[in-house]
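Peer 1: with the input below, show me the fold.
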Amino acid sequence: MPNWGGGAKCGACGKTVYHAEEIQCNGRSFHKTCFHCMACRKALDSTTVAAHESEIYCKVCYGRRYGPKGIGYGQGAGCLSTDTGEHLGLQFQQSPKPARSATTSNPSKFTSKFGESEKCPRCRKSVYAAEKVMGGGKPWHKTCFRCAICGKSLESTNVTDKDGELYCKVCYAKNFGPTGIGFGGLTHQVEKKE
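Peer 2: Presented below is the predicted three-dimensional model:
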């Protein structure tokens, strides 16, 4: 049956969409008022929409529903998400939190009120949030975050750890990397065969 005088049908509500109020996405038409995320109902535009088959989502809900899952897949650099995804029908298995043990028998007023701070592996002094740098899974002072051999200041791009100590990539390669012909030095006497 022909479609007389009307427009396309809205992908969300199924009613006729006229040209003045039409938004197209993924080959489908939507009313401007119906163009919102199918999970969180946030209004969408061309820069925030992510389509999956016949459904439209905001980029955050799309990533939660169809993106990679597991540790390390947050919503940005250095992000720790506490969203469990329950509103999307997702269930995550949470591991039980380990109980904190008291390491001192006579805690000071400060530690009893604010908790015990972590210790720097190099100088064994407390590391507070303002001066904390993580390396090798441990907290370090910014001033202690140096190569154990040459003393060069380290960054996340050039740090390597071995046995709880930090090294720059150059010192690590010289001292712990492969050795022999083609690796920057000879360690065995090579005999000529005739």
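Peer 1: okay, now the domains of the protein?
Peer 2: Per the record, the chain has its domains at 22-66, 132-176, by the TED database.
Peer 1: disregarding flanking residues, what is the spatial nearest neighbour of Glu55?
Peer 2: Met38 (5.1 Å; CB to CB, 6 or more residues apart in numbering). Just so you know, the C-beta spots here come from the backbone N, C-alpha and C atoms, and that holds for glycine as well.
Peer 1: roughly how far does Lys174 sit from Asp163?
Peer 2: Distance, Lys174 to Asp163, using CB to CB, to the nearest Å: 16 Å.
Peer 1: so which of the two has more stuff around it?
Peer 2: Neighbour totals were compared for Lys174 and Asp163, and Lys174 leads with 16 against 7 (other CB atoms under 10 Å).
Peer 1: show me what whichever strand or helix holds that one is packed against.
Peer 2: Using DSSP states H and E, Lys174 maps to helix 169-176. Helix 169-176 sits against strand 159-162, with contacts defined as 3 or more CB pairs under 8 Å, 6 or more residues apart in numbering; DSSP states H and E.
Peer 1: show me what the strand it packs on is packed against.
Peer 2: Contacts defined by 3+ CB pairs under 8 Å, 6+ apart place strand 159-162 against strand 165-168, helix 169-176.
Peer 1: about what we covered before: possible to save the domains of the chain as TSV with distance to Lys9 and mean pLDDT?
Peer 2: Shown next, in TSV, are the domains of the chain (distance: least, CB to CB, whole Å; pLDDT from 0 to 100):
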stretch	distance to Lys9	mean pLDDT
domain 22-66	7	86
domain 132-176	52	86
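Peer 1: could you export those domains as CSV, including distance to Ser126?
Peer 2: Output for these, formatted as CSV (distance: least, CB to CB, whole Å):
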stretch, distance to Ser126
domain 22-66, 37
domain 132-176, 9
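Peer 1: tell me where this protein has strands.
Peer 2: 8-9, 16-17, 22-25, 28-31, 49-52, 55-58, 118-119, 126-127, 132-135, 138-141, 159-162, 165-168 (DSSP state E).
Peer 1: related to what we said a few turns ago, can you tell me how far the residue nearest to Glu55 sits from Pro178?
Peer 2: Per CB to CB, Met38 is found 53 Å from Pro178.
Peer 1: coming back round to it: and the strands of the chain: which comes nearest Ile149?
Peer 2: strand 165-168 (6.2 Å; CB to CB).
Peer 1: paired strands for that closest one, with orientation please.
Peer 2: strand 159-162 (antiparallel) (DSSP bridges).
Peer 1: then the partner strand to CSV, C-alphas only?
Peer 2: Output in CSV follows, covering the C-alpha atoms of strand 159-162 (Å, rounded to 0.1, in the frame of the first residue of the first chain):
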residue,chain,number,x,y,z
VAL,A,159,60.7,2.7,33.8
THR,A,160,61.4,-1.0,34.2
ASP,A,161,61.2,-2.9,37.4
LYS,A,162,63.1,-6.1,38.6
